[in-house]
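*Asks:* Structure for this input, please:
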Amino acid sequence: MELKKSEEVNNERLRFPMIFVGLLFTGSLVLASFTYSTPAEDKGDSLIAVRDSDTGFEEEVNVEEPPETPPEEQQAPITPPPSEETPEQETKPEPPPRNVTPPPPPIPPGPKPQPVKKAEIVDFPDVEASFPGGPAAMKKWIQENVQYPEIARELGDQGRVYVTFVVEPDGSITGVDVMRGGITDELNREAKRLVRNMPKWEAGEVKGEKVRARCRLPITFTLQ
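*Replies:* Numbering: from 1, shown residues only. Sure thing, here's the model as predicted:
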């Protein structure tokens, strides 16, 4: 016995899937209408942007860090030479001292002392200058104080030396010198030494006043 299929039953089974497919298709069209936008004109900007980005990436990757320079090769910083002109320091005025007494007025200088002029030397006074005690006392004093030079004694030098000198008003002796007849340097020095070491003489006088009198004295050196 053959079974016959009813056409109504088959249509009922296919209606629900078709409705679902239609809804799905309609929803996809609506979604596509919202998301669809007109593509912007491509003028090569995107390509350039891609190339720039790629190039930048490659540069970042390929850049190598420069090697560190050793400390010996690093140049020391050059300091500028000091300027010759130094800034002038501002001088602040010092405050005036307090309770300071003014200095006394300067004393006017007095008259300058004039050099004392020595009196003239008299060659021939009224009263001759003399050794205290007379010629005999002078001869004795010379014999007691003479120091005969050893060289003159060994060589046998002897003779007379004339000595000139000045007797001051106070009796002191100045200006001793050998007048003439010098025998040897040793005997001349000894004659001058004797006269300088003599005691004070009696000063010469002119009209009762003591003066500077010039005297001449022969000293004889004799070997015994």
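*Asks:* Quick one: classify Thr164 as helix, strand or coil.
*Replies:* strand (DSSP: H, G, I helix; E, B strand; the rest coil).
*Asks:* Okay, and the beta partners of it?
*Replies:* Note on Thr164: beta-bridge partners by DSSP bridges are Asp177, Arg216.
*Asks:* residues in contact with it?
*Replies:* 175-179, 214-217 (CB atoms under 8 Å, 6 or more residues apart in numbering). Glycine gets a C-beta too; all of them are placed from N, C-alpha and C.
*Asks:* Would you mind measuring from it to Val178?
*Replies:* Distance of Thr164 to Val178, computed by CB to CB, to the nearest Å: 8 Å.
*Asks:* circling back to that earlier point, selecting buried members of the contacts of Thr164 in PyMOL, what would you type?
*Replies:* Here is the PyMOL command that selects only those of the contacts of Thr164 that count as buried (16 or more other CB atoms under 10 Å):
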select buried, resi 176+178+214+215+217
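*Asks:* Among the contacts of Thr164, which has the minimum pLDDT value?
*Replies:* By pLDDT, Met179 ranks lowest within the contacts of Thr164, coming in at 84.
*Asks:* Quick one: name whatever helix or strand follows the one helix or strand in the chain whose mean pLDDT sits lowest.
*Replies:* The least trusted helix or strand in the chain, going by mean pLDDT, DSSP states H and E, turns out to be helix 45-62, with a mean of 41. Proceeding N to C from helix 45-62, the next assigned helix or strand is strand 121-122, under DSSP states H and E.
*Asks:* Show me what that following strand is packed up against.
*Replies:* If you count contacts as 3 or more CB pairs under 8 Å, 6 or more residues apart in numbering; DSSP states H and E, strand 121-122 packs onto strand 209-221.
*Asks:* elements contacting the strand it packs on?
*Replies:* For strand 209-221, the packing partners by 3+ CB pairs under 8 Å, 6+ apart come out as strand 121-122, strand 159-167, helix 185-196, strand 204-206.
*Asks:* where does this protein dip in pLDDT?
*Replies:* 1-14, 34-100, 110, 113-117, 181-182 (pLDDT under 70).
*Asks:* Swap in 90 and give it another go.
*Replies:* Within the chain, the segments meeting pLDDT under 90 span 1-119, 152, 157-158, 179-184, 222-224.
*Asks:* Ramachandran coordinates for Phe124?
*Replies:* The phi/psi pair for Phe124 (degrees, to the nearest 10) reads phi -130, psi 80.
*Asks:* Need the contacts of Thr164 in CSV (columns: distance to Glu144).
*Replies:* Output for the contacts of Thr164, formatted as CSV (distance: CB to CB, whole Å):
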residue, distance to Glu144
Gly175, 25
Val176, 19
Asp177, 24
Val178, 22
Met179, 24
Arg214, 26
Cys215, 21
Arg216, 22
Leu217, 16
